[in-house]
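1. take a look and give me a structure for this.
(one chain, ligands or ions: 1)
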Amino acid sequence: MLLTNHAPSPTAQLIDGKAFAAGLVAEIAVDVAAMVAAHGIRPGLAVVLVGDDPASAIYVRSKIRKTEAAGMASFAHRLPASASRQDVLAVIDALNRDPAVHGILVQLPLPPQIDATTVLDAIDPSKDVDGFHIVNAGKLANGRTDGMVPCTPLGCLMLLKAELGSLAGLHAVIIGCSNIVGKPMARLLLREKCTVVLTHQKTQDVAAEARRADIVVVAAGRPGLVRRDWIKPGATVIDVGINRIQTADGPKIVGDVAFDEVSAVAGRITPVPGGIGPMTIACLLRNTVEAAREHIGRMPRSAA
Ligand SMILES: Nc1nc(=O)c2c([nH]1)NC[C@@H]1CN(c3ccc(C(=O)N[C@@H](CCC(=O)O)C(=O)O)cc3)C=[N+]21
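-> The predicted model follows:
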């Protein structure tokens, strides 16, 4: 055995989001089968894809495949990149009225001529499985638990609670303050009684903020942003980034965390791929089943 003057680098425990998500999807499939048996209702997810962004097309295919693997119905609506706002709103209106559709997801980003806020707010909030409608965002902001919660932060929270148990009193730093990840993540962690810091592009010293954290959630879209000296030893690091980069070995998907060096200091860390990505999709299925369950709850007693 080699002896050195240095303490051996501890290696972070890997948080296996892919395995956790697979377990979640298996449970969801059981719920779906029970719903079909008891009520004759198969939860259905509609995905609206506008334009031909190749990455979006891959994500949508993967969502559809996983939806169907869980025994749910899927409906894909593809519109050309030249589609108008009215074209998209017409599709949403039809899906809002369609009783076979319990969840609606409009894949983002939308082409530049279409305002995403207008489109997202046209979705029936009870079918808004992304949790992006202003009513659902507002409910979460006020700590209400009767709205839809965005899938990525929900997946992060599930992993954190599974790994750490109670999060009460922990110091959480969230890097990136989008409406899709950072802000809803902050609201969820606040609900768990964390002390929450949300950093953004004008934050003066993000590294100094991160170093105080028991939990760091990174959703900045910048490969390798978080370095070893940003992380308090033993902290839990959740990497939401999905960046396609070119390497000498060809294209590769990496997160926002410099994984090799940070995993030498963190207590626990999610990998990319195989971390939050699969959890996002599992939570999308979960939200769709919840939407179907609430739909059944609203049906006349004789039909339910
Ligand atoms: N309305 C809307 N809702 C979304 O939820 C949404 C969206 N728009 N636009 C795009 C982003 C991106 N996104 C991902 C989900 C799963 C993986 C995923 O499972 N990734 C795998 C790797 C996949 C690969 O190899 O390409 C992983 O991390 O292990 C990635 C990305 C959802 N998004």
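2. let me see the ranges of the helices in the stretch 101-250 of the chain.
-> With helices called from DSSP state H, counting those that start in this stretch, the stretch 101-250 of the chain shows them at 116-120, 134-141, 151-164, 182-191, 206-211.
3. can you lay out those as a markdown table showing distance to the ligand, mean pLDDT and mean neighbour count?
-> Glycine gets a C-beta too; all of them are placed from N, C-alpha and C. Output for the helices of the stretch 101-250 of the chain, formatted as a markdown table (distance: least, C-beta to the nearest ligand atom, whole Å; pLDDT from 0 to 100; neighbours: other C-beta atoms under 10 Å):
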| stretch | distance to the ligand | mean pLDDT | mean neighbour count |
| --- | --- | --- | --- |
| helix 116-120 | 8 | 98 | 16 |
| helix 134-141 | 13 | 98 | 18 |
| helix 151-164 | 5 | 98 | 22 |
| helix 182-191 | 12 | 98 | 22 |
| helix 206-211 | 22 | 98 | 18 |
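4. contacts for stretch 174-189?
-> 108, 131-132, 137, 140-141, 143, 149-150, 152-154, 156-157, 167, 172, 196-200, 206, 210, 215-221, 225-226, 240, 256 (C-beta atoms under 8 Å, 6 or more residues apart in numbering).
5. next one: that stretch to chain centre, how far?
-> The chain centre lies 11 Å from the centre of stretch 174-189; the measure is C-alpha atoms, centre = their mean, to the nearest Å.
6. just to revisit the earlier point, could you flag which of the contacts of stretch 174-189 are buried?
-> Using 16 or more other C-beta atoms under 10 Å as the burial test, those include 131-132, 137, 140, 149-150, 152-154, 156-157, 167, 172, 196-199, 206, 210, 215-220, 225-226, 240, 256 as buried.
7. so what's the backbone phi/psi at whichever residue of the stretch 51-200 of the chain sits closest to the ligand?
-> Nearest to the ligand in the stretch 51-200 of the chain, going by C-beta to the nearest ligand atom, is L108, at a distance of 3.8 Å. Per-residue torsions, L108: phi -100, psi 150 (degrees, to the nearest 10).
8. which residues touch it?
-> Taking C-beta under 8 Å, 6+ apart as the test, what L108 contacts is 116, 180.
9. 10 Å instead, please
-> 50, 53, 56, 116, 119-120, 130, 132, 180 (C-beta atoms under 10 Å, 6 or more residues apart in numbering).
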